[in-house]
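Chemist: got a predicted model here, sequence first, then my questions.
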Amino acid sequence: MSTREAIRKSVRFEVFKRDNFTCQYCGAKSPDVVLHVDHINPVSKGGDNEIINLITSCEPCNLGKSDRLLSDSSVIDRQRAQLEELNERREQLEMMLAWRDSLQSLDEELVEETAARLEKYIPGNTINEAGKNNIRKWLKKYSFEEIMAAAEIADEKLPTSPDQEEIQAFFFSIPKLCAVKRLPEEKQRLRYARGILRNRIYVNEKQVMQLMEKAVDAGLDVEELIEYAKEVPNWTAFRAEMEAIANG
């Protein structure tokens with residue numbers, strides 16, 4: 001005769017979850033009835049506490065069953081099918097986790113590759129972990145190709161022997177360039193005009209884009225605006241011209 005051992009609470013809960021908190025004999029559900037965990041093959045006849053041998057039973061069915069074996073195998077077959085489904089779900093979850101881990105590994109390889117490519121623009125310098133953290137953020141928003149294209153543009157302004165400040169400017173201009181390249185062509189050209197102005201004269205940062213957009217909306221050609229930005233003597237003259245065009 002087998003020695004009866006108490007069924008652990010965690011096992012009882014798993015049985016209840018598997019059986020949807022429903023008596024597998026009569027269909028009664030919690031909380032309408034008190035549920036027990038019953039042995040399909042009674043302990044007195046060699047049954048154990050393995051989950052395949054356990055079933056959810058309401059109190060009346062459990063007390064009425066006593067230690068009789070179930071004569072209908074359908075309940076056992078149903079429990080076996082449920083366990084097989086749970087096992088399949090567990091295996092699929094493990095595969096998903098493994099897939100996620102592999103993706104994370106690929107993500108890290110891409111971060112390292114991006115850092116290595118960017119370091120070619122700054123020979124003798126390496127990108128530290130803080131810099132790689134920035135690259136991780138960039139790669140969540142922009143593609144590898146976008147970042148490399150932006151780096152090529154940023155490199156045009158990088159001196160042959162840049163100091164640390166110039167290297168920092170190069171590095172942090174990359175995401176800004178990525179953002180600009182996603183803008184419509186006209187917006188990109190307006191920002192180009194703003195850059196020309198910034199390099200030549202004092203610019204009111206709060207007003208410059210708004211003034212240019214209003215002038216373009218009023219009919220000013222963007223390329224004409226760019227040419228004007230190259231020759232305007234000061235901010236006062238530029239603002240006056242933009243306002244005159246906007247106001248007709």
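Modeler: Yep, it's here.
Chemist: export the lowest-mean-pLDDT helix or strand in the chain as CSV, just CAs?
Modeler: Least confident helix or strand of the chain, by mean pLDDT, DSSP states H and E, is helix 59-65 with a mean of 76. Provided in CSV are the C-alpha atoms of helix 59-65 (Å, rounded to 0.1, in the frame of the first residue of the first chain):
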residue,chain,number,x,y,z
GLU,A,59,-16.6,17.9,-2.3
PRO,A,60,-19.7,15.8,-3.0
CYS,A,61,-18.1,13.9,-5.9
ASN,A,62,-14.9,13.4,-4.0
LEU,A,63,-16.6,12.0,-0.9
GLY,A,64,-18.9,9.8,-3.0
LYS,A,65,-16.0,8.4,-5.1
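Chemist: so the spatially most central residue of the chain versus Phe172, what's the distance?
Modeler: Closest residue to the average C-alpha location of the chain: Lys140 at 7.7 Å, with Cα atoms, centre = their mean. To Phe172, Lys140 is 17 Å away according to Cβ to Cβ, to the nearest Å. In this view, the C-beta of every residue, glycine as well, is placed from N, C-alpha and C.
Chemist: what do you get for Val37?
Modeler: As judged by Cβ to Cβ, Val37 and Phe172 stand 62 Å apart.
Chemist: higher neighbour count, these two?
Modeler: Shown here are Val37 and Phe172; by other Cβ atoms under 10 Å, Val37 has more neighbours (19 against 12).
Chemist: listing partners with orientation, what would you give for the helix or strand where the more buried one lies?
Modeler: Assessed by DSSP states H and E, Val37 sits inside strand 35-39. Strand 35-39 sits in its sheet next to strand 54-58 (antiparallel), going by DSSP bridges.
Chemist: returning to what we had before: residues making contact with the strand holding Val37?
Modeler: Here strand 35-39 makes contact (Cβ atoms under 8 Å, 6 or more residues apart in numbering) with 7, 11-12, 15-16, 21, 23, 47, 49, 53-59, 61-62, 65.
Chemist: burial count for Arg136?
Modeler: Using other Cβ under 10 Å, the number of residues around Arg136 comes to 15.
Chemist: can you pull the contacts of it?
Modeler: By Cβ under 8 Å, 6+ apart, the contact list for Arg136 reads Asp107, Val111.
Chemist: same thing but at 7 Å, please
Modeler: Applying Cβ atoms under 7 Å, 6 or more residues apart in numbering, we find Arg136 in contact with Val111.
Chemist: so which bits of the strand or helix carrying it are buried?
Modeler: Element membership for Arg136 (DSSP H and E) is helix 129-141. Residues Gly131, Asn134, Ile135, Trp138, Leu139 are the ones in helix 129-141 that count as buried (16 or more other Cβ atoms under 10 Å).
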